[in-house]
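# Whatever this is, show me its structure:
(one chain, ligands or ions: 1)
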Amino acid sequence: MSRRKQVYTPQGGGFLEDDRQVLTEILAPLARPLSLLEFGPGQSTWFFLGLGDVKLVSLESDDAWYRAAVHEFRGVEHLELYRFENSPQLSIPEVDDRCFDVAFVDSPVGMPRRRIRLPGQVQLSRFNTLSYALERAPFAVLHDARRTAERRTLARLSSLGFCVEFHGTRRGLAVVRKGNS
Ligand SMILES: C[S@@+](CC[C@H](N)C(=O)[O-])C[C@H]1O[C@@H](n2cnc3c(N)ncnc32)[C@H](O)[C@@H]1O
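Residues are numbered from 1 along each chain as shown. You can find the predicted model right below:
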């Protein structure tokens with residue numbers, strides 16, 4: 001089996017039917033064309049592109065996953081794919097100055113044994129990517145919101161004044177928005 005097939009299995013990515021249903025409902029009221037920032041290309045990318053009238057920027061920090069994504073999405077329209085350095089404070093030249101209608105955060109890897117612990121964010125997962133997304137979109141949707149380290153990230157953001165709304169899909173989705181919006 002090729003590397004690409006190993007990486008992009010629906011089960012491997014964990015982006016499930018109930019996630020698709022809830023995201024469809026969340027995105028339905030938003031005006032088109034929809035500009036979307038995604039952390040973690042994969043099954044979710046195909047889902048967003050399939051909604052139609054979407055411009056998508058997808059970001060990846062893992063080298064192997066990024067290479068597989070470049071291969072998978074070669075020539076796909078309305079999609080920009082960039083690599084970023086997984087650091088506590090993100091800087092992504094292609095994206096730093098841009099704004100989006102919504103963000104979807106499903107990266108970096110959050111599985112406990114594989115998670116990269118970042119200085120100042122050791123107990124947290126995806127705090128860096130979610131914070132970056134929330135500086136560029138009025139709201140962001142976090143995948144895998146049931147996991148302990150993701151829940152700590154949500155609690156931290158809540159203590160910083162963000163509103164968090166949990167959706168009980170199998171993997172968990174959380175909508176995070178600025179407190180006054
Ligand atoms: C589980 S993937 C999901 C990506 C995508 N949103 C999807 O729906 O398929 C989330 C992130 O985990 C990291 N990752 C890399 N290799 C992985 C692997 N073998 N299994 C799971 N996650 C991996 C990548 O950074 C990837 O963006």
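# Now for the residue most central in space within the chain: which residues touch it?
Ranked by distance to the mean C-alpha position of the chain (C-alpha atoms, centre = their mean), the top residue is residue 105 at 1.7 Å. The contact partners of residue 105, by C-beta atoms under 8 Å, 6 or more residues apart in numbering, come to 38-40, 126, 129-130, 133, 140-143. Using the backbone N, CA and C atoms, a C-beta is placed for each residue, glycine as well.
# Rebuild those as TSV, extending it with neighbour count and secondary structure.
TSV is the format used below for the contacts of residue 105 (neighbours: other C-beta atoms under 10 Å; DSSP: H, G, I helix; E, B strand; the rest coil):
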residue	neighbour count	secondary structure
38	26	strand
39	28	strand
40	27	coil
126	29	coil
129	26	helix
130	24	helix
133	26	helix
140	27	strand
141	28	strand
142	29	strand
143	27	strand
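# check those against the ligand, which are close?
Taking C-beta under 6 Å from any ligand atom as the test, the ligand is in contact with residue 40 out of the contacts of residue 105.
# so which of the contacts of residue 105 would you say is closest to residue 165?
Using C-beta to C-beta, residue 141 is the member of the contacts of residue 105 that lies nearest residue 165, at 9.7 Å.
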